[in-house]
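**Q** The following block contains a protein sequence and its predicted model.
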Amino acid sequence: MQSTLGFSPVVQRAKNWSSQEGRSIFLKLVQDMLNERIGEDVVIQDESEIYKILHDTVTRRSETDEIVYEAAEYAVQQLVGRIHMHTHLASMSTNPIRTQHHGGCDREKGCLPMKDVKNCGAFYGEYLKEQNKFR
């Protein structure tokens, strides 16, 4: 930014992004960027949040196209993060193995004596037989 010598900076205001037409252009820009990033058509359910990002950006900074594009990138990053979070949570609810800690079969991770563990002893016995063949 330019030096203002202690005076408050002059903020350029081109009223086109604050209008209804500018908001719809911004929403379409975010929608297109989001669809491209995800690879399929995504429905934005809460458009007011996208408009709030635009409003906060253009009221605090000048309304240049680069700054509005940065706001669109920020909105897309937020939405992509939420999509991934919802996908992860949905996969956890449909696949209970994702909620089980690593080293499952009701044993602590790194616990070797598995012969006495239910449903895992046969596999461990076979593993020991195969390993003893190579020794």
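**A** Nice, I can see it. Numbers count the residues shown, from 1 in each chain.

**Q** what about residue 7, neighbour count?
**A** When neighbours are counted by other C-beta atoms under 10 Å, residue 7 registers 7. Backbone N, C-alpha and C define where each C-beta goes, glycine included.

**Q** My error: substitute residue 70 in the last question.
**A** 13.

**Q** what's the spacing between it and residue 57?
**A** According to C-beta to C-beta, to the nearest Å, residue 70 stands 8 Å off from residue 57.

**Q** Kindly report the same for residue 69.
**A** Distance of residue 69 to residue 57, given as C-beta to C-beta: 10 Å.

**Q** between the two, who's got more neighbours?
**A** residue 57 (20 against 13).

**Q** who are the neighbours in contact with the residue lying closest to that one once chain neighbours are set aside?
**A** Leaving out its chain neighbours, the residue that sits closest to residue 57 by C-beta to C-beta, 6 or more residues apart in numbering is residue 71, at 4.0 Å. The contact partners of residue 71, by C-beta atoms under 8 Å, 6 or more residues apart in numbering, come to 26, 53, 54, 57, 58.

**Q** so residue 71 is in which element?
**A** According to DSSP states H and E, residue 71 maps onto helix 65-94.

**Q** how distant is that helix from the center of its chain?
**A** Computed by C-alpha atoms, centre = their mean, to the nearest Å, the chain-centroid distance of helix 65-94 equals 5 Å.
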